[in-house]
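# Any chance you can model this:
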Amino acid sequence: MATAPVKPRPGGTRAQLPPCYYEGYLEKRGPKEKVSRRLWTCLCGNTLYFFNNAKDTHYVEKLDLSGFVSLIDDCSRDRNLEAARLNLRMKDGEIKLTAPNLEARELWKGFLYSVVDLAVPTTLTLLPGQLHMLKEVVEKERQRRKRSLSRAPSSPLSLPLVGEIPACFRPVSRTEAEVLLERHPDCGNMLLRPGRDGTSLAVTTRQDLNGSVFRHYRVTQKQQGGYIIDVENPIPCPTLHDVINALVEKTAGTLQPFLLEEPYEENITYISSNDENGERTLHCAPTSTFSRGPALPPKGPERWTLRSQTKSPSPSHRSLSPPGSPSSPMRRLVLSPSPLTQTAFTEELKQKLEKRRTIKSNRLTEKRCSDPLVPTTTTVKKPELGLSSLTFSHQQCRQLHELHSLRAGGETAAYPLHI
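Next up is the predicted model:
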């Protein structure tokens, strides 16, 4: 019953995981979860990674097996009679897993024991082909752990650095520096890193000459301050930036600082859980713009200038301009900031205009009425309101004058009389 070989699935986070030894669907329920979730599970290195389905490249959960305690079969019945349960006990709690069938459960147990103990288990019922697969997994996992130990970073830098640290500084070992420079040749070919002894620094460079050629230069700190590039003719430098600049100048720009642009996410994502089946899904947050408050009115000098003009309008504007014209005082009053002030000021202006017109009309009427050459008819116009001319007799004109005087409280009429 040999299983199909594991095919690596490229893309995203999945491509950055350790080598995958075994994968398949498992139902998982953690210590704080009430509902089991069916997830695509991958055993990569000594860690279990959980995906929503086999095509996903981003895992939703992971479980480090370094806290492994035991793996026990669960003989309780399931709704699916072919399903087989097992309990994975960790230091921080117990996780319940359900495999599709008994054969899949035995195979999962074999891979888990092989990765945790680095030995093929002998208490499981497996076929010879499956046992051979487990031996290969044990050997691969041993080699992987050896490589990870050899690439462990050196001792931390103990000396205090003088001045600002250059952007090409990387806290990596000699081997990791070579890997970085070879993997990202477009980002530069020179980086600054801690020395192996922890009391000095080093510069690692890479150039192409029928292949990669790496060079490592020791940089030590002087007691009186500054740094020295330890070569045949030592090069003193006041700061670490001067160390990098000196190497760039000595090589006529062939060596360039290593500046790796770390990728950032372009969208905001979050994981939500379905209340019915417990399945977790990766969502992308909507990119909607925030609503802004209402715009404030313009604070230009126009309305204050117009208001100041309304306080002292010219006489020509009072008598000749119609209310709807742009230069009318009534038009300027509409732009005043306060409605209460506008109403009071309008009434006051009307009264003043009516008094001035009454005085002017009264003088004109008295002059015309006292003249013996006055015609028997008089024409009254009201140009502001656009009315047609009216014809009155001399007696009617005096009655009209008296009527206007009574309406004005003893004063003359509000509109001038044109003979």
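# May I have the phi/psi pair for residue 104?
Main-chain torsions, residue 104, degrees, to the nearest 10: phi -70, psi -40.
# so what's the closest residue to it other than its chain neighbours bridging to?
Spatial nearest neighbour of residue 104, chain neighbours left out: residue 24 (6.4 Å); criterion: CB to CB, 6 or more residues apart in numbering. C-beta here means a position set from N, CA and C on the backbone, and glycine is covered the same way. Judged by DSSP bridges, the bridge partners of residue 24 are residue 41.
# so who does residue 24 touch?
40-41, 99-100, 104, 108 (CB atoms under 8 Å, 6 or more residues apart in numbering).
# Out of those, which is nearest to residue 200?
Using CB to CB, residue 41 is the member of the contacts of residue 24 that lies nearest residue 200, at 46.3 Å.
# what's the neighbour count on that closest one?
Residue neighbour count, defined by other CB atoms under 10 Å, stands at 22 for residue 41.
# you'd agree it is up against residue 49?
Yes. Using CB atoms under 8 Å, residue 41 is in contact with residue 49, at 7.3 Å.
# Now do the shared contacts for those two.
With the criterion set as CB under 8 Å, 6+ apart, the contacts of residue 41 and residue 49 do not overlap.
# shaky segments in the protein?
By pLDDT under 70, the low-scoring segments of the chain are 1-13, 15, 78, 148-163, 262-264, 288-345, 367-401, 403-419.
# Go again with 50.
Scanning the chain for pLDDT under 50 picks out the ranges 1-12, 151-155, 301-337, 374, 376-389, 410-419.
# ok, which stretches of it are helices?
Using DSSP state H, the helices of the chain run over 12-15, 102-117, 128-150, 174-183, 240-250, 302-311, 315-320, 329-334, 339-370, 394-407.
# helices or strands next to the fifth one in the packing?
This points to helix 240-250. Counting contacts by 3 or more CB pairs under 8 Å, 6 or more residues apart in numbering; DSSP states H and E, helix 240-250 is packed against strand 190-194, strand 201-208, strand 212-221, strand 227-230, strand 235-237.
# Point out the most buried one among these.
Across those, averaging neighbours per residue (mean count of other CB atoms under 10 Å) puts strand 190-194 on top, at a mean of 24.
# helices and strands around it, which ones?
helix 174-183, strand 201-208, helix 240-250.
# With adjacent residues omitted, what lies nearest to residue 61?
Nearest non-adjacent residue to residue 61, counting by CB to CB, 6+ apart: residue 50, 4.3 Å away.
# surely the one you found meets residue 56?
No. With contacts counted by CB under 8 Å, residue 50 stays clear of residue 56, the gap being 9.7 Å.
# which neighbours do those two share?
residue 40.
# picking up where we left off before, switch the helices and strands packed on strand 190-194 over to CSV; also include distance to residue 268.
Below are the helices and strands packed on strand 190-194 laid out as CSV (distance: least, CB to CB, whole Å):
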stretch, distance to residue 268
helix 174-183, 29
strand 201-208, 37
helix 240-250, 36
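# so which of those comes closest to residue 31?
That would be helix 174-183 among the helices and strands packed on strand 190-194, by CB to CB, at 36.9 Å.
# and the residue nearest to residue 61, what does it touch?
28, 39-42, 59-63.
# Would you write out the ChimeraX command that picks the buried residues out of those?
With 16 or more other CB atoms under 10 Å as the criterion, this ChimeraX line picks the buried residues out of these:
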select :28,39,40,41,42,59,60,63
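# closest to residue 229 among the contacts of residue 50?
Out of the contacts of residue 50, the member with the shortest distance to residue 229 (by CB to CB) is residue 62, at 43.8 Å.
# ok, that closest one to residue 173 distance?
Relative to residue 173, residue 62 is positioned 26 Å away (CB to CB, to the nearest Å).
# Do me a favour and get the end-to-end distance for stretch 186-193?
One end of stretch 186-193 sits 19 Å from the other (CA to CA, to the nearest Å).
# To clarify, my last question referred to stretch 217-225.
This stretch, stretch 217-225, spans 19 Å end to end (CA to CA).
# Make residue 1 into 49 and carry on from there
Got it, the first residue is 49 from now on, which makes the last one we talked about stretch 265-273.
# ok, back up a step: tell me the spacing between the residue nearest to residue 152 and residue 147.
With CB to CB as the criterion, residue 72 and residue 147 are 8 Å apart.
# thinking again about what came up before, kindly reformat the contacts of residue 72 as a markdown table containing distance to residue 233.
Shown next, in a markdown table, are the contacts of residue 72 (distance: CB to CB, whole Å):
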| residue | distance to residue 233 |
| --- | --- |
| 88 | 36 |
| 89 | 37 |
| 147 | 46 |
| 148 | 46 |
| 152 | 45 |
| 156 | 42 |
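# Residue 269: which of the residues you listed is nearest?
The closest of these, once distances to residue 269 are taken by CB to CB, is residue 89, at 50.6 Å.
# Report the spatially closest residue to residue 86, excluding sequence-adjacent ones.
Counting by CB to CB, 6+ apart, the residue nearest residue 86 is residue 75, at 5.1 Å.
# isn't the one you found right up against residue 83?
No. The pair residue 75 and residue 83 fails to qualify as a contact (CB under 8 Å) at a distance of 9.8 Å.
# Show me which of those two is the more surrounded one.
Between residue 75 and residue 83, counting by other CB under 10 Å, residue 75 is the more crowded of the two (20 against 13).
# For residue 145, see how far away the more buried one is.
Residue 75 is 7 Å from residue 145, by CB to CB.
# which residues touch residue 140?
Neighbours of residue 140 in contact, by CB under 8 Å, 6+ apart: 79, 115.
# ok, 7 Å please
For residue 140, the contacting residues are residue 115, by CB atoms under 7 Å, 6 or more residues apart in numbering.
# Distance check, it against residue 114.
From residue 140 to residue 114 the distance is 11 Å (CB to CB).
# what does residue 102 give?
When distance is defined by CB to CB, residue 102 is 26 Å away from residue 114.
# same check, this time on residue 77
Residue 77 is 21 Å from residue 114, by CB to CB.
# Residue 212 now?
39 Å.
# and what of residue 265?
38 Å.
# And residue 144, by the same measure?
20 Å.
# Can you pick out the residue with more neighbours from the two?
Higher neighbour count among residue 144 and residue 114: residue 144, with 17 against 10, using other CB under 10 Å.
# so who does the more buried one touch?
77, 122, 133, 135.
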